[in-house]
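**Q** Could you work out the structure for the sequence below:
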Amino acid sequence: MVSGHLQIKKGYYYVVLNYHDDTGKRHTKYFSTGLPQKGNKRRAEAALTKIRSEFVPPVHTNELCSDMLFADYLLRWLDIVKMRVKITTYGSYEQMTKQIIEPYFRKLNLSLKQIEARHLQQFYAEKLKTVSANSVIHYHAVIHQALKYAMKTDLVPQNVAMKVDRPKKNDFQPVFLDAAQLAKLFEAVKGTKLELVVLVTAFYGLRRGEVLGLKWDAIDFEVGTITINHTVTSTTIDGKKTVIEQDSAKTKSSLRTLPLVGSFRKYFEDVKAAQEFNKKVCGNCYNHEYDGYVFVDELGERLNPDWLTAAFPRFVEKHGLPRMRFHDLRHSCASLLLANGVPLKQIQEWLGHSDFSTTANIYAHLDYRSKLSSAKAMVEGISLPEADHFGSRWDTVVDPDEALFEADTAS
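**A** Below is the predicted model:
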């Protein structure tokens, strides 16, 4: 047990602990008892004893160990995993860990080896009171990865996160605009900052990062193709919003080449000419940092991912369309492809899904044409009785309750 004593500050009792960390460095830590000085000496002494007995000195060495606080381990694990995952993935891990998971478990004062499945289950139950099940599933994924590394490095004998029941994922139905609604949207965005980015996203079903990452060297005007090979996304690192540029896509399948069709050749040519004009007119005021990107404003500033996410829902609602996320343009693209008879496998390739099951899980319920084909096959394969036959039988059917009553009285 660490040493400690009581101290009075501004008329209240405080517990003062003195301890040495694992490196030999001496520390002093203060705890407020909330007890006024007058008439509370015995209660303060009891609080001193309790706090001394429960206090676990934090581990300050760089070496991981099972005795360190689970909260400290999570922060150290973040430093380790940062070198192994994409920066956007790390940003998500860091935000959930530092804002949600680590503060909760620091209050529990549990070491890594003391963490049990029940502690995680209690954490999930507590969070489900304020956030969605999908958010808790994300928290679980982070904790599972952190404990997986702890088990891999022999810090703990097992990954207790594997014993925990995750909440059921929320059913989510994205918003789909039909052809008429998209036409109304295209008319509304005409001449605005959103015009081309909305048209390209809706037609090609691109992700936000893919459309904002589109560069001129990815558009081949001679061959007539658009190649998706660069992304611009945003994440929070060390508490600061950061825009990430990557010469890669979300997955290997996301790297794809699509045809430059319809009016898009003319759209892109006009935008490219306008950019060159703006560079000459604005002179030194033009920002050349984002030269090469398609979606920049009159002064050369690239469209910000977070601005697009926030501005688009407000815009569509203002113009009498269903409130929707920018990402729902991608879903609308898929729904129109299905409505026009494009098979799910081809839609998977158009959207750049790495797994066919992803496409099927999201859009299979919209595939009405395939259901018509199935119904036609069943009609051709099974000889059904004539409808009149059913009608004649229906005319003579006795009410079940009446039939049962007659049977009872007859017996």
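**Q** any chance you could map the strands in the stretch 1-150 of the chain?
**A** 3-9, 12-20, 26-36 (DSSP state E, counting those that start in this stretch).
**Q** List of residues touching stretch 146-162?
**A** With contacts defined as C-beta atoms under 8 Å, 6 or more residues apart in numbering, stretch 146-162 is touched by 64-66, 73-74, 77, 80-81, 97, 112-113, 115-117, 120, 140, 143-144. C-betas here are computed from N, CA, C, even on glycine.
**Q** and those residues, which are buried?
**A** By neighbour count, with 16 or more other C-beta atoms under 10 Å, those hold 64, 66, 73-74, 77, 81, 97, 112-113, 115, 120, 140, 143-144 as buried.
**Q** Now pLDDT and distance to residue 25 too, for those residues, in JSON lines please.
**A** Shown next, in JSON lines, are the buried ones among the contacts of stretch 146-162 (pLDDT from 0 to 100; distance: C-beta to C-beta, whole Å):
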{"residue": "64", "pLDDT": "88", "distance to residue 25": "19"}
{"residue": "66", "pLDDT": "92", "distance to residue 25": "21"}
{"residue": "73", "pLDDT": "96", "distance to residue 25": "20"}
{"residue": "74", "pLDDT": "96", "distance to residue 25": "22"}
{"residue": "77", "pLDDT": "95", "distance to residue 25": "23"}
{"residue": "81", "pLDDT": "91", "distance to residue 25": "27"}
{"residue": "97", "pLDDT": "96", "distance to residue 25": "26"}
{"residue": "112", "pLDDT": "96", "distance to residue 25": "21"}
{"residue": "113", "pLDDT": "95", "distance to residue 25": "23"}
{"residue": "115", "pLDDT": "96", "distance to residue 25": "26"}
{"residue": "120", "pLDDT": "97", "distance to residue 25": "32"}
{"residue": "140", "pLDDT": "96", "distance to residue 25": "36"}
{"residue": "143", "pLDDT": "97", "distance to residue 25": "30"}
{"residue": "144", "pLDDT": "97", "distance to residue 25": "34"}
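**Q** Out of these, the closest to residue 106 would be?
**A** The closest of the buried ones among the contacts of stretch 146-162 to residue 106 turns out to be residue 74 (C-beta to C-beta; 9.1 Å).
**Q** how near is the closest one to residue 56?
**A** 16 Å (C-beta to C-beta, to the nearest Å).
**Q** same deal with residue 102?
**A** For residue 102, the distance to residue 56 equals 16 Å [C-beta to C-beta].
**Q** Between these two, which has more neighbouring residues?
**A** residue 102 (18 against 14; other C-beta atoms under 10 Å).
**Q** tell me which residues in stretch 216-235 are buried?
**A** 218-219, 226, 228-235.
**Q** and the closest residue to residue 114 other than its chain neighbours, what does it touch?
**A** Spatial nearest neighbour of residue 114, chain neighbours left out: residue 70 (7.4 Å); criterion: C-beta to C-beta, 6 or more residues apart in numbering. Residues in contact with residue 70 (C-beta under 8 Å, 6+ apart) are 105, 108, 110-112, 114-115.
**Q** Let me know the closest of those to residue 239.
**A** Nearest to residue 239 among the contacts of residue 70, with distances taken as C-beta to C-beta, is residue 105, at 19.7 Å.
**Q** Just the pLDDT at the closest one, thanks.
**A** What the model reports as pLDDT for residue 105 is 96.
**Q** these two touch, right, it and residue 123?
**A** Yes. Applying C-beta atoms under 8 Å as the test, residue 105 and residue 123 come out as touching, 7.4 Å apart.
**Q** how close does the nearest residue to residue 349 once chain neighbours are set aside sit to residue 168?
**A** Closest residue in space to residue 349, ignoring its immediate chain neighbours: residue 256 at 7.1 Å, by C-beta to C-beta, 6+ apart. Going from residue 256 to residue 168 by C-beta to C-beta gives 33 Å.
**Q** Equivalent analysis for residue 325, please.
**A** Distance from residue 325 to residue 168, by C-beta to C-beta: 23 Å.
**Q** which one of the two has more residues nearby?
**A** residue 325 (15 against 9).
**Q** dump the residue contacts of the nearest residue to residue 238 once chain neighbours are set aside.
**A** Nearest non-adjacent residue to residue 238, counting by C-beta to C-beta, 6+ apart: residue 94, 7.6 Å away. By C-beta under 8 Å, 6+ apart, the residues touching residue 94 are 78, 236-238.
**Q** Can you pull out the low-pLDDT segments for the stretch 1-150 of the chain?
**A** 1, 21-24, 58-62 (pLDDT under 70).
**Q** Helices of that one, start to end?
**A** Along the stretch 1-150 of the chain, counting by DSSP state H, counting those that start in this stretch, helices occupy 41-54, 70-81, 87-96, 102-108, 117-127, 133-152.
**Q** Quick one: closest of these to residue 193.
**A** Among the helices of the stretch 1-150 of the chain, helix 87-96 sits nearest to residue 193 (C-beta to C-beta), with 24.8 Å.
**Q** next one: that closest one to chain centre, how far?
**A** Here helix 87-96 shows a centroid-to-chain-centroid distance of 11 Å under the convention C-alpha atoms, centre = their mean, to the nearest Å.
**Q** ok and it relative to helix 133-152, angle-wise?
**A** Taking axes from the mean of the first three to the mean of the last three C-alpha atoms, to 10 degrees, helix 87-96 and helix 133-152 form an angle of 100 degrees between their directions.
**Q** Measure how helix 87-96 sits relative to helix 70-81, angle-wise.
**A** Using the same axes, to 10 degrees: helix 87-96 against helix 70-81 is 170 degrees.
**Q** List the buried residues for helix 87-96?
**A** Buried residues in helix 87-96 (16+ other C-beta under 10 Å): 88, 90-94, 96.
**Q** which two from the contacts of residue 94 end up farthest apart in space?
**A** That would be 78 and 236, which, of the contacts of residue 94, are the farthest apart (C-beta to C-beta) at 13.0 Å.
**Q** of these two, who's got more company?
**A** Taking other C-beta under 10 Å, residue 78 and residue 236 do not tie; residue 78 has more neighbours (17 against 14).
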